[in-house]
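Peer 1: Need a 3D model of the following:
(chains A and B)
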Amino acid sequence: MQYVFILEQVLNGLLVGAYYLLIALGLSLIFALGGIVNLAHGGFYAIGAYLAVMLTDRVGFFGALVASPVLVGCLGIVIERFLFRRFYRSDPILSLLLTFGLAMVIEQGLRIVFGAAPLPFSIPAELRGQLLVGDFIYPRYRLFIFGVALAAVTATWFIVYRTTFGRVVRAGVQNPDIVGALGISLAPYMTAIAALGVGLAGLAGVLLAPIAGVHPAMGAEILTAAFVVVVIGGLGSFWGVIAAATLVGVVRGITIYFNPSWGEASMYLLMALVLLVRPRGLFGERIEKFE
Amino acid sequence: MSTKLSRRTLLKTTAGSALLAAVGMPAIVRAQADAIRIGHLTPLTGFLGPLGEYAVMGVKLAAEEINAGGGVMGRKIDLVMEDSVNPQTASAKAERLIERDRVAMIIGEISSASGLAIGQVANRMKTVFINTGCNSDALRGTSCNPYMFHIEGANSMYVMAVGQYLLRENMVKGKKWYSLTADYAFGHDLLRVAKKFMEANGGQFAADELVPTDATDFSPYLLKIRQSQPDLVVSNLAGNQITNFIKQYSEYGLKFPVAGFGFDTVVAWGAGKGNFSGIWPLVWHHLVDTPSSKKYVDAFQKKYGKLPDNQSWGDYNSLKIVAQSMNEIKSADPQKLAEHLRKGAKFDVMKAREVYFRPYDNQMVMEMYAVRAKDPSKMKDQWDIYDALGAVPGPNEDLETIAPPKDGACKIG
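Peer 2: From the prediction side, this is the model:
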């Protein structure tokens, strides 16, 4: 019987992986192209969740699901245009300080405007309920998150790997100077990628708001996990992030099955193990500018 | 594009981002000549931050009322407020409040781990500290000291409060409990007390599991609960953990009855409609039917536009008790204040019966309450989430019956 229970944890871990993936993917995109380690990524996730709470009253949950990531993405454009852009060529420690400060500004801003107490928010009535598959239980809402995450990741993959836009972005990741020499300005691409990455964080915020507490520190709560996923996956690797998110979800589930108090620590152990065997992460490519 | 950022830098960043959670709010220090300074030290950030915010609202309201009523011995109360963050910071800030800011005493704290640290500083510097939110019995036992007072109920009092109703509903004898426990000082202590209660009354654990305080996803735990088919799911969780647990328990649609041994109204208000279930204990709630309770609810609503919770009750009443005591003894001297509080002075803290600190361990002896989650269809608004079950111990029973056992662990009496 025990194997059935472990299998259930593995399948559940895949669903949880979708949630890690949404947050980590944007982080990875922004880092790969601009070299900015966005410590404020969790802040955008939190803004996404707060927007969801506010917008749901006016346009319903599904309206908020579309509007909130778009608004967060627009905020991303502004932040990229006026802040990130100044730091692409400077010492990375400066952009770290910038985003670290930005994260604090966002968290305290949310605290000042909305208070520290969590805002009440629930799963929309249409998505309540559970699906029973044999002995296994799946809340309909988790399957919905999985579906939306899958669609968002597929769309991102399509943009990066199947469009002219994506070709320039990938070239920019490998060698921005040559792209410049070919007469292509990377600036608009940088802006678009920042909007996309930050928008994905906003989307994750909307999706998680019904099942996790909506409070100012929610961004800081998930940021470390998102970094762990990016590092395990390997910098700049699209598939690496996907593999790592899945792996983290599954490993955490199985660890909790056997030893619950190690649940959160398991992802850090996993990271240490992966880095020992593959210092560049699972699918980390050699990116010249980062060596 | 010549960035020098290496993979190693990113790795360091991963550790650095954890720092984010540890960065506190800046200190708010206001000085005023000849005012009596009171230190308020409580977590405003991290997983207990939502409670700290209510603590601040409570203590500010008390200071305002005291000052409007002529202050203490004609002197104004001046609050010096700090974010305690974690045990190390709490300890350092407590020292600074006493040495640099010259506060007459300290009120606050919610984390039992930080409360222990502040208590030690208070004892060393012979300054009164009234704990308004740390439940751990150890603070009233092996770690007790003559300068640390507890207006907050001890874990064993919370367990007794909910326990009476669980016994009444036949949820203990011969039943299997599945407990989730916050993995830090408070949770460990609560688990120990809960276990004692359960074993004494013929129940047993299907499992007891520790949950890290930074866990946001409870799904693996919920699957395990579903597999073990317990008679009762027991929450020994804390702060934001409870919000996440309540939301996801409802998401998974599990039907096992829920009870909690530690609870705060704020985290359940924050869960959202249709998610809250079970029986939970509280040191005070806004439905407590006494004249002073009603007055407080009105004043709080008027000032902040929302209902007061149990945490604000603790910080509000602590300051009121201190002001009343200083007026009575006509002194702000910490030594005299401690003696007065330990001598059995009685106070009205909005409960049906007057309360006092017992000299054995400085625990406030008082009634506790239990509440039951309301049927979502009967809720009037987002604040209307539970019904009052009544006070423990009952009207004719001695208040001491639910106080922590006098097992000799505390040596100050």
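Peer 1: Against B:Leu116, how distant is B:Gln88?
Peer 2: Distance of B:Gln88 to B:Leu116, given as C-beta to C-beta, to the nearest Å: 12 Å. C-beta: built from backbone N, CA, C; applies to glycine.
Peer 1: dump the residue contacts of A:Trp262.
Peer 2: Applying C-beta atoms under 8 Å, 6 or more residues apart in numbering or on different chains to A:Trp262 gives the contacts A:255-256.
Peer 1: Show me which residues of stretch B:139-150 are buried.
Peer 2: Going by neighbour count (16 or more other C-beta atoms under 10 Å in any protein chain shown), the buried part of stretch B:139-150 is B:139-141, B:143-150.
Peer 1: Give me the more crowded residue out of B:Gln88 and B:Leu116.
Peer 2: Ranked by neighbour count (other C-beta atoms under 10 Å in any protein chain shown), B:Gln88 and B:Leu116 place B:Leu116 first, with 21 against 13.
Peer 1: So the more buried one sits against B:Pro87, correct?
Peer 2: Yes: in this structure B:Leu116 lies within contact range of B:Pro87 using C-beta atoms under 8 Å: 7.1 Å.
Peer 1: helices and strands around the helix or strand encompassing B:Arg372, which ones?
Peer 2: Using DSSP states H and E, the secondary-structure element containing B:Arg372 is strand B:368-373. Packed against strand B:368-373 by the contact rule (3 or more C-beta pairs under 8 Å, 6 or more residues apart in numbering or on different chains; DSSP states H and E) you find helix B:155-168, strand B:279-282, strand B:386-392.
Peer 1: Include mean neighbour count, mean pLDDT and distance to chain A when you put the ones you listed into JSON lines, please.
Peer 2: Output for the helices and strands packed on strand B:368-373, formatted as JSON lines (neighbours: other C-beta atoms under 10 Å in any protein chain shown; pLDDT from 0 to 100; distance: least, C-beta to the nearest C-beta, whole Å):
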{"stretch": "helix B:155-168", "mean neighbour count": "24", "mean pLDDT": "95", "distance to chain A": "19"}
{"stretch": "strand B:279-282", "mean neighbour count": "26", "mean pLDDT": "97", "distance to chain A": "16"}
{"stretch": "strand B:386-392", "mean neighbour count": "18", "mean pLDDT": "94", "distance to chain A": "14"}
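Peer 1: and of the ones you listed, who's closest to A:Arg58?
Peer 2: Nearest of the helices and strands packed on strand B:368-373 to A:Arg58, taken as C-beta to C-beta: strand B:386-392 at 29.1 Å.
Peer 1: That closest one: partners in the sheet, and parallel or antiparallel?
Peer 2: In its sheet, strand B:386-392 lies beside strand B:368-373 (antiparallel), with partners assigned from DSSP bridges.
Peer 1: Quick check, the residue in chain B closest to chain A?
Peer 2: When C-beta to the nearest C-beta is the measure, chain B has its nearest residue to chain A at B:Gly270, with 2.8 Å between them.
Peer 1: what's the pLDDT at that residue?
Peer 2: At B:Gly270 the predicted local confidence, pLDDT, stands at 92.
Peer 1: Looks like it contacts A:Gly115 (just checking).
Peer 2: No: applying C-beta under 8 Å, one finds B:Gly270 not in contact with A:Gly115, separated by 10.0 Å.
Peer 1: out of those two, which sits in the busier spot?
Peer 2: The neighbour count for B:Gly270 versus A:Gly115, taken as other C-beta under 10 Å, is higher for B:Gly270 (25 against 19).
Peer 1: which residues does the more buried one contact?
Peer 2: For B:Gly270, the residues meeting the contact criterion (C-beta under 8 Å, 6+ apart) are A:117-120, A:213-215, B:50, B:243.
Peer 1: Good, wrapping up.
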